[in-house]
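K.L.:
This is the structure alone, sequence omitted:
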């Protein structure tokens, strides 16, 4: 994409007519929220959502937590109540796979050969789990977690006493580990890196999360990898790189996701770790936009493209891009944000940890309540918290405002957490 210093496309999107047709490839949270916002903005034209799943748009965070443990009903995950799409005159196509985009004719082609014309096309194709190379496709005891069906299948296997091995120490894997342990399963987490969550947080925060899991009876193996899975009649054997063998009744793989960009690539759209879009969601084709997990979007705060995989981004990016589609453009500049519940602890993350060059604890993670602050120079650029939701909100504002702080004051919990109290003397 030919993008200038501010990350905007060279050509603006043509004006949107009142009878324009907007088609979404994907019918998940991002597509549902974008369609909702378009109606709120007064767009009265045709909206079509085409999604591969049998379900109406729903939210995924509970799949590894409340839905997996049975405390949340399936209906509670729905993005909108029954009848909403009909009331909003939105054509929702479930069980519908898009196989091709014809940019010249401006239509999509479905797997059954049907076509849908568009004036604006929105990619909301999301991402899919990365497969474990050591596991054969369809292996009996191996599970991935992305869809409602995945969660339902896994739920039936989390029975007290079962040996559950989680491969991958990221948020999804750790949430599954927490849920499985609450179900009285014997749980082991296997992580390739030297610390948990190493790709998103500093090692000292990963160590605090590991301590949390260990205190609840989870066995944590870092700097460890699986080379081969051997399926026996009664269990699956995990052959480890160090020569150890682990017996498992259930193997859950959470080693990251990859964006669904194949259709975009075939259509000639630019991709690089996602569908490349500018700060307003536009691709190198002014009639085509991208939202959510599948996109690599320009972020003005960091001055580069990012790809995020979290609930807040899927929602807010979709809402912001709806404005651009409807002719009310706005730059999307939300800070990265995610949260997690593990063993009853509330973990939150704001900003990009990689933007910091030094870290400071505020509070004691061993006491179950602490914040890890990331600084670049003396500017706060990110924060991770354990059971400190109020403080996280304050830290988020400080990150947004590029607040300069005195590290000595920052670590002193007797000093009020705000910009004026923590500023350099």
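P.N.:
Perfect, thanks for sending it. The structure presented is a predicted model; accordingly, all values stated were derived computationally and were not measured.
K.L.:
When you work out contacts or count neighbours from here on, use the C-alpha atoms and nothing else.
P.N.:
OK.
K.L.:
Any chance you could list what contacts the helix ranked longest in the chain?
P.N.:
In the chain, assigned by DSSP state H, the helix with the most residues is helix 311-325. Around helix 311-325, the neighbours that count as contacts under Cα atoms under 8 Å, 6 or more residues apart in numbering are 13, 16, 29-31, 33-35, 37-38, 41, 59-61, 120, 280-281, 289, 291-293, 329-332, 334, 336-338.
K.L.:
where does the chain have low pLDDT?
P.N.:
Along the chain, segments meeting pLDDT under 70 span 1-15, 424-425.
K.L.:
Let me see the contact set for residue 127.
P.N.:
257, 258, 259, 260, 293, 294.
K.L.:
what do you get if the cut-off is 10 Å, keeping everything else the same?
P.N.:
146, 256-261, 274, 292-295, 309 (Cα atoms under 10 Å, 6 or more residues apart in numbering).
K.L.:
Let me see the ranges of the strands in the stretch 201-350 of the chain.
P.N.:
219-221, 226-231, 236-240, 245-248, 250-253, 257-259, 275-277, 288-290, 295-299, 304-306, 337-342, 345-351 (DSSP state E, counting those that start in this stretch).
K.L.:
Which one of those strands lies nearest to residue 66?
P.N.:
Ranking those by proximity to residue 66 (Cα to Cα) places strand 337-342 first, at 9.9 Å.
K.L.:
got the angle for the closest one vs helix 311-325?
P.N.:
Angle, strand 337-342 to helix 311-325, by axes from the mean of the first three to the mean of the last three Cα atoms, to 10 degrees: 150 degrees.
K.L.:
on that earlier part again, PyMOL command for the buried members of the contacts of residue 127?
P.N.:
Selection of buried members from those for PyMOL, criterion 16 or more other Cα atoms under 10 Å:
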select buried, resi 146+256+258+259+260+261+274+292+293+294+295+309
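K.L.:
Tell me the one of the contacts of residue 127 nearest residue 419?
P.N.:
Nearest member of the contacts of residue 127 to residue 419, counting by Cα to Cα, is residue 309, at 29.4 Å.
K.L.:
Does that closest one touch residue 291 like I think?
P.N.:
No. Taking Cα atoms under 10 Å as the definition, residue 309 is not a contact partner of residue 291, at 11.2 Å.
K.L.:
so residue 363 is in which element?
P.N.:
strand 358-364 (DSSP states H and E).
K.L.:
so the helix or strand that that strand is followed by versus strand 345-351, what angle?
P.N.:
Remark: after strand 358-364, the chain's next helix or strand is strand 369-376, criterion DSSP H and E. Interaxial angle, strand 369-376 versus strand 345-351 (the same axes, to 10 degrees): 10 degrees.
K.L.:
Toward the C-terminus, what is the element adjacent to strand 369-376?
P.N.:
Taking DSSP H and E, what comes next after strand 369-376 is strand 379-386.
K.L.:
list the buried ones in that next one?
P.N.:
Result for strand 379-386 [16+ other Cα under 10 Å]: buried residues 379, 380, 381, 382, 383, 384, 385, 386.
K.L.:
Pull the residues that contact the helix or strand that that strand is followed by.
P.N.:
Sequence order places helix 389-400 as the next helix or strand after strand 379-386, per DSSP H and E. For helix 389-400, contacts defined as Cα under 10 Å, 6+ apart pick out 301, 333-337, 339, 346-352, 370-371, 373-375, 379-386, 401-405, 417-419.
K.L.:
For ChimeraX, write the selection for the buried entries among those residues.
P.N.:
To isolate the buried subset of the contacts of helix 389-400 in ChimeraX, counting by 16+ other Cα under 10 Å, use the following:
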select :333,334,335,336,337,339,346,347,348,349,350,351,352,370,371,373,374,375,379,380,381,382,383,384,385,386,402,403,404,405,417,418,419
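K.L.:
picking up where we left off before, can you tell me which of the contacts of helix 311-325 are in helices?
P.N.:
Those of the contacts of helix 311-325 lying in helices (DSSP H): 29, 30, 31, 33, 34, 35, 37, 38.
K.L.:
filter these to the buried ones?
P.N.:
Buried among the ones in helices among the contacts of helix 311-325 by 16+ other Cα under 10 Å: 29, 30, 31, 33, 34, 35, 37, 38.
K.L.:
Could you point out which of these is nearest to residue 142?
P.N.:
residue 29 (26.3 Å).
K.L.:
sorry, back to before: which among the strands of the stretch 201-350 of the chain is found nearest to residue 360?
P.N.:
strand 345-351 (14.7 Å).
K.L.:
Run through the neighbouring helices and strands of that closest one.
P.N.:
Here strand 345-351 touches helix 203-215, strand 337-342, strand 369-376, strand 379-386, helix 389-400, going by 3 or more Cα pairs under 10 Å, 6 or more residues apart in numbering; DSSP states H and E.
K.L.:
to the chain's geometric centre, what's the distance from stretch 260-272?
P.N.:
The gap between where stretch 260-272 is centred and where its chain is centred comes out at 20 Å by Cα atoms, centre = their mean, to the nearest Å.
K.L.:
Same check on stretch 352-369?
P.N.:
Using Cα atoms, centre = their mean, the offset of stretch 352-369 from its chain centre is 22 Å.
K.L.:
Repeat that for stretch 171-184.
P.N.:
With Cα atoms, centre = their mean, you get 18 Å for stretch 171-184.
K.L.:
Equivalent analysis for stretch 336-354, please.
P.N.:
12 Å.
K.L.:
same check, this time on stretch 22-33
P.N.:
Per Cα atoms, centre = their mean, the centroid offset for stretch 22-33 relative to its chain is 16 Å.
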